[in-house]
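sequence first, predicted model second:
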Amino acid sequence: MAFCSTKFNHYYYYYYYYYYYYYYYYYYYYYYYYYYYYYYYFYYYYYYYYYYYYYYNYYYYYYYYYYFYYYYYYYYYYYYYYYYYYYYYYYYYYYYYYYYYFYYYFYFYYYCYYYYCYYYYYYYYYYFYRSKAYMYVNGIYILMDPSNL
């Protein structure tokens, strides 16, 4: 009985030895299988996430750059258009002003000169009668009151 009991115990431990050996390697491969599975899964997720992140930021900065480029372009041409509009408006006003300035200038001096000559022409017809100045115009004598001159 002792021999049978020893032999039975031998097979018993041998069986449980392979049993635990089998489950040890089973859980070992199971563990590493899921470990690498989740590792690659998170690695893929991580890579996808950062790829999407950088792609989004690239798109964002591209949009941002395009926005400011468009804004700069619009502002530049708006300023350019406003500057040249103001420039032509200023010179139009300038020439308009000086046109009318010289027009009224010559008009003024022409008629002032004409009036001066007219005045100077009739100046010789002034004469004084009892300390009052008279001017001969169209055959009549007009009293030139010094208070109104």
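Looks like it arrived, so ask away. Predicted model, so just to flag it, every value in this text is computed and none were measured. Numbers count the residues shown, from 1 in each chain.

looking at this structure, which helix or strand is least sure?
When each helix and strand of the chain is scored by mean pLDDT, DSSP states H and E, strand 127-129 comes last, with a mean of 42.

which regions of the chain lie under the pLDDT threshold?
1-13, 104-149 (pLDDT under 70).

host element of Cys36?
Heads up, residue 36 is Tyr, not Cys. helix 2-123 (DSSP states H and E).

return the list of helices and strands in contact with that helix.
strand 132-137 (3 or more Cβ pairs under 8 Å, 6 or more residues apart in numbering; DSSP states H and E). All C-beta spots, glycine's among them, are computed from the backbone N, C-alpha and C.

mind listing what Tyr28 touches?
Tyr28 makes no contacts at all, as judged by Cβ atoms under 8 Å, 6 or more residues apart in numbering.

how close does it get to Tyr22?
As judged by Cβ to Cβ, to the nearest Å, Tyr28 and Tyr22 stand 10 Å apart.

one more: Phe42?
30 Å.

again with Tyr55
48 Å.

tally of neighbours for Tyr55?
Counted by other Cβ atoms under 10 Å, the residues lying close to Tyr55 total 10.
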